[in-house]
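Participant: Provided below for reference: sequence and predicted model.
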Amino acid sequence: MIDTLAYNFLKSTTYYDNKSYGHYDEMSRDFFKYLKDEPEQDYYAALGSNQRVKVKKKFQKKAKKAYELCLKAIESGEQDVAYDKWKKVYGRPFPNRPATQADTATYSETSWRNTEQFIEDRFPLDIRSNIKIGGNYRHDEHMKRSLFEFFQKKSLLPRGIKLEFFVKEHDINGQYSLYWKVLNRGEIAKKKDMIRGEIFADLGSEINREDTSFRGGHIVECYAVQNGVVIAKDRFDVPIE
């Protein structure tokens, strides 16, 4: 399927006929745009054999998300955030920004610990199912509201409220184990030495409760593990003012 779609994309344009790796950013952007704009269909004709390759799941929505990440990465240029966006598209193996002399001096002066863990270091990945995180927030124990509805109106959460993340939906067949990761980002997280990022097992409720204590970009991820393999994952971005 991937071979066929990649071939169809390159056949649809002559722009990349003489382009090299230096244009990976534009090619990535345009490829995902091509995928998101593809009409839904049941199968594709495989390259060469014309054998019918069945479309097991719709890919347009995820391609749109990848396309938007590519746009943000390109817009960010050579900043650290650009490399973070590319890692979201291509995974952890995508390289970090090359370190400079200024970076080395800065890192030597910092006292925060990089405690972030990566699920790839614990389990192999074979993403073949879908899982979605839902979120609620509350100012007190009696009022619970949807984070999704909040972010439709505002872009930043206030500090001092309680958050609740949960598995909203999934299409996983059979039993699975759930793991969570909460990562704090930004200068305040570093100053407090609280970037967190450790991976921990769910206790059975499929709910993770947190507080909005300080400003910065915060990330909540969940991973569904079945037979020792990560088969589904999702991410929820939580910007706090």
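Facilitator: That came through fine. Just so it is clear, the structure is predicted and the values come from calculations on it, not from any experiment. Residues are numbered from 1 along each chain as shown.
Participant: how about the CA coordinates for stretch 178-185, as CSV?
Facilitator: Extracted in CSV, the C-alpha atoms of stretch 178-185 (Å, rounded to 0.1, in the frame of the first residue of the first chain):
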residue,chain,number,x,y,z
LEU,A,178,-2.3,0.5,29.3
TYR,A,179,0.7,2.8,30.0
TRP,A,180,0.8,6.5,30.5
LYS,A,181,3.4,9.2,30.1
VAL,A,182,3.2,12.9,31.3
LEU,A,183,5.9,15.2,30.0
ASN,A,184,6.4,18.8,31.2
ARG,A,185,8.2,21.2,28.8
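Participant: Next, count neighbours for Ser49.
Facilitator: 8 (other Cβ atoms under 10 Å). C-beta: built from backbone N, CA, C; applies to glycine.
Participant: Let me see the contact set for the residue nearest in space to the middle of the chain.
Facilitator: The chain has Lys88 as the residue nearest its centroid, 4.8 Å off, counting by Cα atoms, centre = their mean. Under the criterion of Cβ atoms under 8 Å, 6 or more residues apart in numbering, the contact list for Lys88 reads Leu69.
Participant: roughly how far apart are it and Leu147?
Facilitator: 20 Å (Cβ to Cβ, to the nearest Å).
Participant: Quick check: Trp112 touching Gly186?
Facilitator: No. If you go by Cβ atoms under 8 Å, Trp112 and Gly186 don't touch, sitting 11.1 Å apart.
Participant: out of those two, which sits in the busier spot?
Facilitator: Higher neighbour count among Trp112 and Gly186: Gly186, with 16 against 13, using other Cβ under 10 Å.
Participant: Just the pLDDT at the more buried one, thanks.
Facilitator: pLDDT, the model's per-residue confidence, is 85 for Gly186.
Participant: re earlier: distance from the chain centre to the stretch of helix or strand the residue nearest to the centre of the chain belongs to, please.
Facilitator: Secondary structure assignment for Lys88, by DSSP states H and E: helix 80-90. In terms of Cα atoms, centre = their mean, to the nearest Å, the centre of helix 80-90 is set 9 Å apart from its chain centre.
Participant: same check, this time on stretch 155-172
Facilitator: With Cα atoms, centre = their mean, you get 15 Å for stretch 155-172.
Participant: Now do it, average pLDDT.
Facilitator: In this model, stretch 155-172 has an average pLDDT of 91.
Participant: got the CA coordinates for it in CSV?
Facilitator: Taking C-alpha atoms only, stretch 155-172 is exported to CSV below (Å, rounded to 0.1, in the frame of the first residue of the first chain):
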residue,chain,number,x,y,z
SER,A,155,-5.8,28.1,23.7
LEU,A,156,-4.3,28.0,27.2
LEU,A,157,-5.5,26.4,30.4
PRO,A,158,-5.3,28.4,33.6
ARG,A,159,-3.2,27.1,36.5
GLY,A,160,-4.7,25.6,39.6
ILE,A,161,-7.3,23.3,38.1
LYS,A,162,-7.5,19.5,38.1
LEU,A,163,-7.3,17.4,35.0
GLU,A,164,-8.5,13.9,34.2
PHE,A,165,-7.4,12.0,31.1
PHE,A,166,-9.1,8.7,30.1
VAL,A,167,-9.5,6.3,27.3
LYS,A,168,-12.4,7.7,25.3
GLU,A,169,-12.5,5.1,22.6
HIS,A,170,-10.5,2.3,20.9
ASP,A,171,-10.9,-0.5,18.4
ILE,A,172,-8.6,-3.0,20.0
